[in-house]
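> Got a predicted model here, sequence first, then my questions.
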Amino acid sequence: MPSPKAKNPGRGSPVLGGVNGRYEFMSLTKPPPLLLQRQGSDPTTARLRVSESPTRRRGSSSSTGSASGQAPPEEDGIRLNPSFVRVALSSLLAIDLWMSKRLGVCACEDSSWGSVRPLMKLIEISGHGIPWLAGAVYCLYKSDSAAGQEVMLNLLMGLLLDLLLVGIVKAVVRRRRPSHNRMDMFATFSVDRYSFPSGHATRAAMCGRFLLAHLVLAAPLRVLVLLWAGLVGLSRVMLGRHNVTDVMFGFWMGYCQYNLVEMLWLSPQTLQGLLGQLA
Ligand SMILES: CC(C)=CCC/C(C)=C/CC/C(C)=C/COP(=O)(O)O
């Protein structure tokens, strides 16, 4: 189906060409024949169309080459391709924003599912950094077996690593939280004004994998762990805290973070060595 823009030949997309009313994809590396043809018949329009092209806007040297009938340099094609990527990305982003807005049904008390908000906030707290850090420290302190202490210490290391990595990515990406979010979260860092990735989602994925790998759990409890992780992610979007992509990337990042924890696993020997160096 031709795009609405295609109905107006004077405003064609730089990558679509109109030939006898038919719109076809044009080569990215060859000069657009119709464009050159029209330059002769209607120089004003043709000049406008050439100057409208994103590649022409970037530099005047390549536009001179094209206008004189020479094939544009190979790098023109390379420059145009990213615009396709940009269009694809902005379409995905638009879908993401639209879906996130529609799913943000508990963003405030007046929202359509506002009555579920307290439950969602409870799920939010279950994935917050403070209860997890406090729980790991408590279990480490209470554990009387070397194996238990080893597991808890590595969980603690994983949780701190998670805070660090999420903080770095948030500070680099700096994606704002959805506009419908009410910033009433408890205990946040300054980077937590940014939404990409969801720290709750990374923690849920990493801790979920950690629990499944290191605790001997009966099948219903294993299902419960997975369910909890999924609910933590869903509650982020329903509360309006995050866009869907923040949570999806967060799950992936948390999954990978667990691999990192396994790679950096602190064994009792390593611990003794570290403590010996400190003493
Ligand atoms: C000891 C220590 C460094 C504690 C910090 C715990 C803390 C305040 C974590 C922040 C957790 C949080 C609010 C993350 C944001 O999650 P999003 O899912 O909204 O990105």
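That came in fine, so what should we check first?
> Could I get the contacting residues of C106?
Going by C-beta atoms under 8 Å, 6 or more residues apart in numbering, C106 touches 113-114, 116-117, 120, 235, 238-240. All C-beta atoms are positioned from the backbone trio N, CA, C, and that covers glycine.
> Tell me how far it lies from I123.
Noted for C106: a distance of 10 Å to I123, by C-beta to C-beta, to the nearest Å.
> Equivalent analysis for A134, please.
18 Å.
> So if I had to pick from those two, which one is more boxed in?
Comparing A134 with I123 by other C-beta atoms under 10 Å, the one with more neighbours is I123, at 19 against 11.
> Toward the C-terminus, what is the element adjacent to the one helix or strand that one maps to?
Of the helices and strands defined by DSSP states H and E, I123 is found in helix 117-126. Later in the chain than helix 117-126, the nearest helix or strand by DSSP H and E is helix 129-142.
> now the stretch 101-250 of the chain, which segments are flagged as low pLDDT?
Within the stretch 101-250 of the chain, the set of residues satisfying pLDDT under 70 is empty.
> what does it put close to the ligand?
Selection of the stretch 101-250 of the chain residues close to the ligand by C-beta under 6 Å from any ligand atom yields 128-130, 133, 163, 185, 187-189, 192, 198-200, 236, 241.
> and the residue of the stretch 1-150 of the chain found nearest the ligand, how many neighbours?
In the stretch 1-150 of the chain, the residue that lies nearest the ligand is G129 (3.0 Å; C-beta to the nearest ligand atom). Per other C-beta under 10 Å, the neighbour tally for G129 reads 19.
> wait, it sits on T202?
No: with contact defined as C-beta atoms under 8 Å, G129 does not reach T202; the gap is 10.2 Å.
> overlap in contacts of those two?
Joint contacts of G129 and T202 (C-beta under 8 Å, 6+ apart) are D162.
> Contacts (any at all) between the ligand and stretch 254-261?
No: residues of stretch 254-261 are not located near the ligand by C-beta under 6 Å from any ligand atom, the shortest gap being 10.7 Å.
> What segments of the chain are strands?
Using DSSP state E, the strands of the chain run over residues 16-19, 22-25.
> list the contacts for the nearest residue to K121 once chain neighbours are set aside?
Leaving out its chain neighbours, the residue that sits closest to K121 by C-beta to C-beta, 6 or more residues apart in numbering is L239, at 7.1 Å. The contact partners of L239, taken as C-beta under 8 Å, 6+ apart, are 104, 106-107, 117, 120-121, 124, 181.
> so what pLDDT did Y23 get?
Turning to Y23, the model gives it a pLDDT of 37.
> G59 too?
So G59 comes in at 40 (pLDDT).
> repeat for A67
Looking at A67, its pLDDT reads 43.
> what's the burial count for R236?
So R236, with other C-beta under 10 Å, has 30 neighbours.
> Which ChimeraX command selects the buried ones in the contacts of C106?
Remark: buried members of those, expressed as a ChimeraX selection using 16 or more other C-beta atoms under 10 Å:
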select :117,120,235,238,239,240
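> And the contacts of C106, which is closest to A218?
Taking C-beta to C-beta as the measure, A218 sits nearest to S235 out of the contacts of C106, at 25.2 Å.
> Pull the contacting residues for that closest one.
The contact partners of S235, by C-beta under 8 Å, 6+ apart, come to 106, 120, 123-124, 200.
> Where is the longest helix in this structure?
The single longest helix within the chain, with elements called by DSSP state H, is helix 74-103.
> Just the CA trace of the helix holding I123, in PDB.
What follows is helix 117-126, C-alpha atoms only, in PDB (Å, rounded to 0.1, in the frame of the first residue of the first chain):
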ATOM      1  CA  ARG A 117      -2.100  -0.100  42.600                       C
ATOM      2  CA  PRO A 118      -1.400  -1.100  46.200                       C
ATOM      3  CA  LEU A 119      -0.800  -4.700  45.200                       C
ATOM      4  CA  MET A 120       1.500  -3.600  42.400                       C
ATOM      5  CA  LYS A 121       3.400  -1.400  44.800                       C
ATOM      6  CA  LEU A 122       3.800  -4.500  47.100                       C
ATOM      7  CA  ILE A 123       5.300  -6.400  44.200                       C
ATOM      8  CA  GLU A 124       7.500  -3.400  43.500                       C
ATOM      9  CA  ILE A 125       8.900  -3.600  47.000                       C
ATOM     10  CA  SER A 126       9.500  -7.300  46.700                       C
END
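> Which elements pack onto that helix?
helix 219-238 (3 or more C-beta pairs under 8 Å, 6 or more residues apart in numbering; DSSP states H and E).
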